[in-house]
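> Here's my sequence, what's the structure:
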Amino acid sequence: MNYGPALDLVKAFARDVRAGPLWAFQNEAEHRRRRCDLWRALSALLVWHRPNLEAELGLNFPYEVLRETAGLMPDAAT
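Numbers count the residues shown, from 1 in each chain. The predicted model follows:
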């Protein structure tokens, strides 16, 4: 996965968790696809595009997204 699409996917994930569209999917296959896409994006950013990430947003960016959204996940999932 290229840098731009990976970054966009992580940002979209954060936006969808905060705004609620992530929880609109009732289909388990769609949730599975989104989890796989997020994993691929995080892997691409933190391993393959690490220099770009470090130079632009910083290496903590993906971790900050996960920390910020983690608190919203249990509430939204219930």
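
> quick one: which helix or strand includes the nearest residue to Leu9 once chain neighbours are set aside?
If you skip the residues right next to it in sequence, Leu9 has Ala41 as its closest partner in space, 4.1 Å away by C-beta to C-beta, 6 or more residues apart in numbering. Backbone N, C-alpha and C define where each C-beta goes, glycine included. Element membership of Ala41 [criterion: DSSP states H and E] is helix 28-43.

> Next secondary structure after that helix?
Beyond helix 28-43 toward the C-terminal end (DSSP H and E), the next one is helix 50-56.

> and the next helix or strand after that following helix, what other elements does it pack with?
Along the chain past helix 50-56, the next helix or strand (assigned with DSSP H and E) turns out to be helix 61-70. Helix 61-70 is packed against helix 3-19, with contacts defined by 3 or more C-beta pairs under 8 Å, 6 or more residues apart in numbering; DSSP states H and E.

> So which bits of the helix it packs on are buried?
Counting neighbours by 16 or more other C-beta atoms under 10 Å, one finds that the buried residues in helix 3-19 are Tyr3, Ala6, Leu7, Leu9, Val10, Ala12, Phe13, Ala14, Asp16, Val17.

> Let's test this: mean pLDDT of the helix holding Ala41, rounded?
On average, the pLDDT along helix 28-43 is 91.

> Mind listing what's buried along that helix?
Counting neighbours by 16+ other C-beta under 10 Å, helix 28-43 gives Arg34, Asp37, Leu38, Ala41, Leu42 as buried.
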